[in-house]
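Visitor: Fold the following.
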Amino acid sequence: MNRLLILFLTFFVLTGCSEKNSNDALETFRYWSGTQPSTDLKLLKGQYWQSGNWSNEYIMYLKFKPTEKWWTEFIKQNNILVDKEDWAIPDDAPTWFIPSTNSIRFGGGGNFDQGSRYLRDTITGICLIYEIQL
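Guide: Next up is the predicted model:
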């Protein structure tokens, strides 16, 4: 019985503690959402990192073009409000993560805000998401 327990724990430790890294938009979306993207989304760029420990800390950047309906539902379902506070793009952001001057920024304002922001260009509809959970 002890051997079986040791074997199980060894397997759990070795398989459950690997980082996830991706620079692929589709893979980034899958890691972040846990689902396949719907036809309402056109994924453009992505970057994802997740820690190898049990807490699943992650940092995600995503550039995509959703339908107006998808974006409106996403903002509403997640209770994300327009952000008017000062915010700077993180130093580790990929070179393509550049909000346009036409972007409206959402997020922030909560006690648990770690800096996640959701941006949408009002003319092109291109969205950028920076989400962090540490």
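
Visitor: What lies in contact with the helix or strand hosting residue 132?
Guide: In this assignment (DSSP states H and E), residue 132 forms part of strand 127-133. With Cβ atoms under 8 Å, 6 or more residues apart in numbering as the test, strand 127-133 has contacts from 32, 56-66, 71, 89-90, 93, 97, 99, 103, 114-121. All C-beta atoms are positioned from the backbone trio N, CA, C, and that covers glycine.

Visitor: Drop anything exposed from those.
Guide: 32, 58-66, 71, 97, 99, 103, 116-121 (16 or more other Cβ atoms under 10 Å).

Visitor: can you pull the contacts of the one residue sitting closest to the centre of the chain?
Guide: Closest to where the C-alpha atoms of the chain average out (Cα atoms, centre = their mean) is residue 60, at 3.7 Å. Residue 60 makes contact with 28, 31, 32, 46, 47, 48, 49, 129, 130, 131, 132, according to Cβ under 8 Å, 6+ apart.

Visitor: any low-confidence regions in the chain?
Guide: 1-16, 109 (pLDDT under 70).

Visitor: Show me the helices in the chain, by range?
Guide: Using DSSP state H, the helices of the chain run over residues 2-15, 25-33, 68-77.

Visitor: Compute the inter-axis angle for the strand holding residue 132 and helix 68-77.
Guide: 30 degrees (axes from the mean of the first three to the mean of the last three Cα atoms, to 10 degrees).

Visitor: Tell me the strands beside strand 127-133, with direction?
Guide: Applying DSSP bridges, strand 127-133 is found paired with strand 58-66 (antiparallel), strand 117-121 (antiparallel).

Visitor: Determine the number of other residues adjacent to the spatially closest residue to residue 85 that is not a sequence neighbour.
Guide: Leaving aside its sequence neighbours, residue 85 sits nearest to residue 108 (Cβ to Cβ, 6 or more residues apart in numbering; 5.4 Å). As a burial measure, residue 108 scores 19 neighbours (other Cβ atoms under 10 Å).

Visitor: ok now do residue 108, which residues does it touch?
Guide: 83, 85, 87, 115, 116, 117.
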